[in-house]
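Chemist: got a structure for you, letters missing:
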């Protein structure tokens, strides 16, 4: 089943009140939602609470999600980001600090959701500071494959970040 089909089916199942749909959705998205909340809020307890709130919202308001506009993963990420920023504003954090936290967290959220080969190539090259040649050797692929994966990964990140605005 393709992602758009899964998103549409999930929305329909949630709208019908299928508890198993919420469990499946939680299994799929909770690590990303919790990770994003934790990176923005910098507090594990607050991140866990926000994760519960986000899934509660998804359960109670599935009609707010429109699969024609974006993926369910993107929508859940945006809902998480928005609610986390609201919490930071209530805590009187400055706008610069809020922007810094949310920008870094959004990039990490998007990278975490990339296909494994693209994510591993990005992490090995950029986060570990390796050259294309070192990454190719470490991953057992050609330098051309590394360059292609990086280009595709960066395009997906840019598209997702632009789409999520």
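Modeler: Received the coordinates, thanks. Please read all numbers here as calculations on a predicted model, not as lab measurements.
Chemist: Map the structural domains onto the sequence of the chain.
Modeler: The record assigns the chain these domain ranges, following automatic domain parsing: 1-113, 115-165.
Chemist: Excluding sequence neighbours, find me the nearest residue to residue 36.
Modeler: Computed as CB to CB, 6 or more residues apart in numbering, the closest residue to residue 36 that is not its neighbour in sequence is residue 109, at 4.4 Å. No exception for glycine: its C-beta is placed from N, CA and C like everyone else's.
Chemist: residues contacting the one you found?
Modeler: The contact partners of residue 109, by CB atoms under 8 Å, 6 or more residues apart in numbering, come to 32, 35, 36, 39, 77.
Chemist: same thing but 7 Å
Modeler: Residues in contact with residue 109, defined by CB atoms under 7 Å, 6 or more residues apart in numbering, are 32, 35, 36, 77.
Chemist: Show me where the chain dips below the pLDDT cut-off.
Modeler: Confidence mapping of the chain against pLDDT under 70 gives the ranges 1, 163-165.
Chemist: And the helices in it?
Modeler: Using DSSP state H, the helices assigned to the chain run over residues 3-15, 19-41, 44-60, 72-90, 95-112, 116-122, 132-139, 143-163.
Chemist: Next, the angle from the third one to helix 19-41.
Modeler: So that's helix 44-60. For helix 44-60 and helix 19-41, the angle between their directions (axes from the mean of the first three to the mean of the last three CA atoms, to 10 degrees) works out to 140 degrees.
Chemist: what's next to helix 44-60, contact-wise?
Modeler: Outside helix 44-60, the residues within contact range by CB under 7 Å, 6+ apart are 14, 22, 25-26, 30, 33-34, 37-38, 41, 76, 79-80, 83-84, 87.
Chemist: at 6 Å what do you get?
Modeler: With CB atoms under 6 Å, 6 or more residues apart in numbering as the contact definition, helix 44-60 has outside contacts at 22, 26, 33, 34, 37, 38, 41, 79, 80, 83.
Chemist: Please check these and keep the buried ones.
Modeler: 22, 26, 33, 34, 37, 38, 41, 79, 80, 83 (16 or more other CB atoms under 10 Å).
Chemist: What residues does residue 3 make contact with?
Modeler: Contacts for residue 3 were tallied using CB under 6 Å, 6+ apart; they are residue 71.
Chemist: show me the residues around residue 114 that make contact.
Modeler: Neighbouring residues of residue 114 by CB under 6 Å, 6+ apart: residue 153.
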